[in-house]
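J.: I would like the atomic coordinates for the input below:
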Amino acid sequence: WSYFVLGVEHILGGIDHLLFVLALLLIVRGGKRIVATVTAFTLAHSVTLAAATLGWVHVPGPPVEAIIALSIVFVASEVVHAGKGRPVLTERAPWIVAFSFGLLHGFGFAGALAEVGLPQTAIPLALLTFNVGVEVGQLLFVAAVLVLQYAGARVFQSEAKWLPVATAYGVGSIAAFWTIERIAGF
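T.: Numbers count the residues shown, from 1 in each chain. Now for the predicted structure:
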């Protein structure tokens, strides 16, 4: 149970991961596409989380954290380009983008889990429950964003077309700062 709670807390406290998911939600339309995209992200980060936690793969933390920030910049820029009517990869095949960057984000989750450690007698169970906790936290965040989008559309009686692009600029600016800060920290 404690690893499940740790997974939920990690995702809800992991602003960089949440901003990545938010940027995806700004560009992906339709329930099935959102589910496919979030599922691709989950599958990918589950693979690298397990591989890194079990010691099969080792990737140094600082470059991973910098690339995670850069992945947010990428998706935010895709939102801006899509808002200008330009065709973008994330709009056409969001699950590919989510899966690709999900692999990197999984290494970030593994770093957080490594700080806590795993019980030697129940590594698979702890890993599974941590990952399920991450997914539950992520789904809570997705649900909250979708409810806010729906409520905003009802209040304003229409979709504010400028809002996703403005949000993407904010998200991208924060992520660009993180990218520079994390690279400078090498």
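J.: Now do the lengthiest helix in the chain: which elements does it pack against?
T.: The single longest helix within the chain, with elements called by DSSP state H, is helix 123-156. Here helix 123-156 touches helix 2-13, helix 15-27, helix 31-53, helix 94-116, going by 3 or more Cβ pairs under 8 Å, 6 or more residues apart in numbering; DSSP states H and E. Every residue, glycine included, has its C-beta placed from N, CA and C.
J.: got the angle between the first one and helix 15-27?
T.: Just to be clear, that refers to helix 2-13. Interaxial angle of helix 2-13 relative to helix 15-27 (axes from the mean of the first three to the mean of the last three Cα atoms, to 10 degrees): 60 degrees.
J.: Can I get helix 2-13 in CSV? Just the C-alpha atoms.
T.: Extracted C-alpha coordinates of helix 2-13, given in CSV (Å, rounded to 0.1, in the frame of the first residue of the first chain):
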residue,chain,number,x,y,z
SER,A,2,2.8,2.4,0.9
TYR,A,3,4.3,2.1,-2.6
PHE,A,4,0.9,2.7,-4.2
VAL,A,5,0.6,5.9,-2.2
LEU,A,6,4.2,6.8,-3.0
GLY,A,7,3.3,6.4,-6.7
VAL,A,8,0.3,8.7,-6.5
GLU,A,9,2.2,11.3,-4.5
HIS,A,10,5.1,11.2,-6.9
ILE,A,11,3.0,11.9,-10.0
LEU,A,12,0.8,14.5,-8.3
GLY,A,13,4.0,16.2,-6.9
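J.: Not counting its own residues, what contacts that helix?
T.: Contacts to helix 2-13, defined as Cβ atoms under 8 Å, 6 or more residues apart in numbering, come from residues 17-18, 109, 112-113, 116, 125-127, 129-138, 140-141.
J.: quick one: buried residues of stretch 22-39?
T.: Judged by neighbour count (16 or more other Cβ atoms under 10 Å), stretch 22-39 contains these buried residues: 22-28, 33-34, 36-38.
J.: quick one on the thing from earlier: right, and the helices and strands packed on helix 123-156 - which one's nearest residue 64?
T.: helix 94-116 (4.5 Å; Cβ to Cβ).
J.: For that closest one, give the mean pLDDT please.
T.: Averaging pLDDT along helix 94-116 gives 89.
J.: just how off-centre is it within its chain?
T.: Relative to the centre of its chain, helix 94-116 is centred 8 Å away, using Cα atoms, centre = their mean, to the nearest Å.
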